[in-house]
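Q: dropping the sequence and predicted coords here.
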Amino acid sequence: MNAASPSLTRQHRETVLRVLIPVGVVVALILIWHLTVTISGVPQYILPSPGAVAGAMVKDWGTLAPALWVTTQITMAALALALIGGVGIAVFLIQSKWIETAFYPIAVILQVTPIVAIAPLILIYAPTTQVALLICAFLVAFFPILSNMVQGLKSVDHNLLNLFDLYGASRWQTLIYLKLPASLPYFMTGLRIGGGLSLIAAVVAEFAAGSAGAGSGLAFRLLEAQYRLNIPRLFAALILLSILGVVIFGVTSFIAWLSLHRWHESSLKREN
Amino acid sequence: MTDLQSPEASPPSTSAKRPLVVMTNVSKSFSSGTLALSDMSLTVAGGEFVSLLGPSGCGKSTALRIISGLGDVTTGTIDWPSSRINAKGLPEGDISFVFQEPTLMPWQTVFGNVYLPLRLKGVSKVQASDEIMAALETVGLKDFAKAYPRELSGGMKMRVSIARALVTKPKLLLMDEPFAALDEITRQKLNDDVLRLWRDTGITVVFVTHSVFESAYLSNRIVVMKARPGRVHADFPLVTSHERGPLYRTSEDYRAACEKVSASLLEAMGPGAAMEMH
């Protein structure tokens, strides 16, 4: 018998279980939800059944789909800006201790001030609501990327830095060939946190903007459904938001795995 | 030179060639106020295999860093007479360093790690490829070019580190306790590899170690250092008619060399240390 086959089958089985178990749990929860609603006879406008939510999803898809698209766009644009800004500012900050001392506190102040509190101001100053939403989401998402990158760029192996000095590497070469790749694991942590946060911030900002009268993202549809007591649609919008969050998490985790699995401890299986 | 207490403590006569490194009355103190090196003078000629030997804290690593140009001196001068000196006042391209740790970039393959010094010089991957493969062949890792450092054993990582040091074809190879963290068998194997390299290429080696046996096995000149503050205690050649290699390990010559080096080291460590060792 082939020695490799039993371990292969085992690996295969593990992969299948990894998918089946979480899916099974979700299905079970939906079933419990359905039974609870059916047995207790709660009215639809308080807790709709899963069937009613699915119905709303289909019926209102014309309204929900464009809203989903708007929210996705804002989230992605904010995340992209946060990545560029976070990495760029981190590289700027580590150039000298004085630069870091001068500017890091500002980044902290922007981070610790609750976004809901700044949102009304941003809505006044920004030219359009879309831009305001983008700024809010950016402000929330960029800090974890910045702080992780600063940490990563500063954690480079000193011997490797010596080696680069010895070979007469320029500042630029040291950044490109050493500091940036060495901080990739930190960047990936920032990316995963930033991805989740930019969605949250996009929704929170839209709550603020929606109350100002404009907007067509999922958060606005959610509020609207609440005002109209269209609870199945509210649930449908909520589920779409969750799915979007899960997709963002999945994609960022996959990117992290893709770029780290060849060499970094975090992506390796322990072999002992 | 400070105190040359060893009877035959004359440095080996330097050839007509210009020396590679000239340290003159170098002292080095750290910002904490510790005097790491005091009035050290050392001239390394082409083709020598010099071991800097001494107890921990005797400044041998500091001396090596100064020789490499990585550390600056507090007083005294350091010069590289046969090297081209760049704008920063450092020798260019002639010196390679092997650290105690392999110091590899984990995100690069073995090939990528060895490519680094050439990449920093602006050599394209295609142009560098032959030299990289040659350096890898020298250390016996030609088949591992595509492997990542985490897939290699400690000894293999060290070989990659040596290949990286060799790829620029340096005149001077500086090694800072390169095999201290390896097991005895791997260490002996790598010692033989370094010896072969030295013989085949005519490269000059300055080797920092705290092992009497390693220094006696490898070098043709020994510089014994003393601690607090770090300074040269003795500087003598090790001549043997025996060819260095595995057979040398069991020879009478090697035993005599070890004894001589050991006696000098014991002297450098002072009477207290002699008591401890007996």
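A: Nice, thanks for sending it over.
Q: over to the residue nearest to the spatial centre of chain B: give its phi and psi.
A: Per Cα atoms, centre = their mean, the C-alpha nearest to the average position across chain B is that of B:F207, at 2.3 Å. Per-residue torsions, B:F207: phi -120, psi 120 (degrees, to the nearest 10).
Q: got the confidence number for it?
A: With respect to pLDDT, B:F207 has a value of 94.
Q: secondary structure element for the nearest residue to B:Y217 once chain neighbours are set aside, which one?
A: Leaving aside its chain neighbours, B:Y217 sits nearest to B:N191 (6.0 Å; criterion: Cβ to Cβ, 6 or more residues apart in numbering or on different chains). C-beta here means a position set from N, CA and C on the backbone, and glycine is covered the same way. Here B:N191, judged by DSSP states H and E, is contained in helix B:184-201.
Q: mind listing what's buried in that helix?
A: B:T186, B:R187, B:Q188, B:K189, B:L190, B:N191, B:D192, B:D193, B:V194, B:L195, B:L197, B:W198 (16 or more other Cβ atoms under 10 Å in any protein chain shown).
Q: and those residues, which two are the farthest apart?
A: Taking Cβ to Cβ, the two most distant members of those are B:T186 and B:W198; they sit 18.5 Å apart.
Q: OK, contacts around the residue nearest to B:Y217?
A: B:F179, B:E214, B:Y217, B:L218 (Cβ atoms under 8 Å, 6 or more residues apart in numbering or on different chains).
Q: report the buried members of those residues.
A: The neighbour count (16+ other Cβ under 10 Å) marks B:F179, B:E214, B:Y217, B:L218 as buried among the contacts of B:N191.
Q: list just the nearest of these to chain A.
A: B:F179 (15.9 Å; Cβ to the nearest Cβ).
Q: widest-spaced pair of the contacts of B:N191?
A: B:F179 and B:Y217 (11.3 Å).
Q: from A:G88, how far off is the residue in the stretch 1-150 of chain A that chain B sits nearest to?
A: Relative to chain B, the nearest point of the stretch 1-150 of chain A is A:K97 (15.5 Å; Cβ to the nearest Cβ). Noted for A:K97: a distance of 19 Å to A:G88, by Cβ to Cβ, to the nearest Å.
Q: of those two, which one has the most company?
A: Neighbours per residue, other Cβ atoms under 10 Å in any protein chain shown: of A:K97 and A:G88, the larger number sits with A:G88, 13 against 9.
Q: who's in contact with B:V21?
A: Residues in contact with B:V21 (Cβ under 8 Å, 6+ apart) are B:L42, B:T43, B:V44, B:I67, B:I78, B:D79, B:W80, B:L172, B:V206.
Q: please pick the buried ones from these.
A: The neighbour count (16+ other Cβ under 10 Å) marks B:L42, B:T43, B:V44, B:I67, B:I78, B:W80, B:L172, B:V206 as buried among the contacts of B:V21.
Q: the fourth one contacts B:L20, correct?
A: No. Using Cβ atoms under 8 Å, B:I67 makes no contact with B:L20, being 9.1 Å away.
Q: give me the common contacts of these two.
A: B:V44, B:L172.
Q: show me where chain A has helices.
A: For chain A, the helices defined by DSSP state H occupy A:4-40, A:50-59, A:61-93, A:97-112, A:115-125, A:129-154, A:158-166, A:171-173, A:180-182, A:184-211, A:218-227, A:231-260.
Q: do the stretch 1-150 of chain B as well
A: Ranges of helices in the stretch 1-150 of chain B, per DSSP state H, counting those that start in this stretch, are B:60-68, B:110-120, B:125-138.
Q: need the residues of the stretch 101-250 of chain A near chain B, please.
A: For the stretch 101-250 of chain A, the residues in contact with chain B (Cβ under 8 Å from any Cβ of the partner chain) are A:157, A:159-160, A:162-169, A:173, A:177-178, A:181-182, A:184.
Q: ok, and the closest non-adjacent residue to B:Q100?
A: B:Q100 sits nearest to B:E177 (Cβ to Cβ, 6+ apart), 4.7 Å away.
Q: may I see the buried ones among the contacts of B:V21 organised as JSON lines, with distance to chain A added?
A: Converted to JSON lines, those look like this (distance: Cβ to the nearest Cβ, whole Å):
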{"residue": "B:L42", "distance to chain A": "19"}
{"residue": "B:T43", "distance to chain A": "22"}
{"residue": "B:V44", "distance to chain A": "17"}
{"residue": "B:I67", "distance to chain A": "11"}
{"residue": "B:I78", "distance to chain A": "15"}
{"residue": "B:W80", "distance to chain A": "13"}
{"residue": "B:L172", "distance to chain A": "12"}
{"residue": "B:V206", "distance to chain A": "14"}
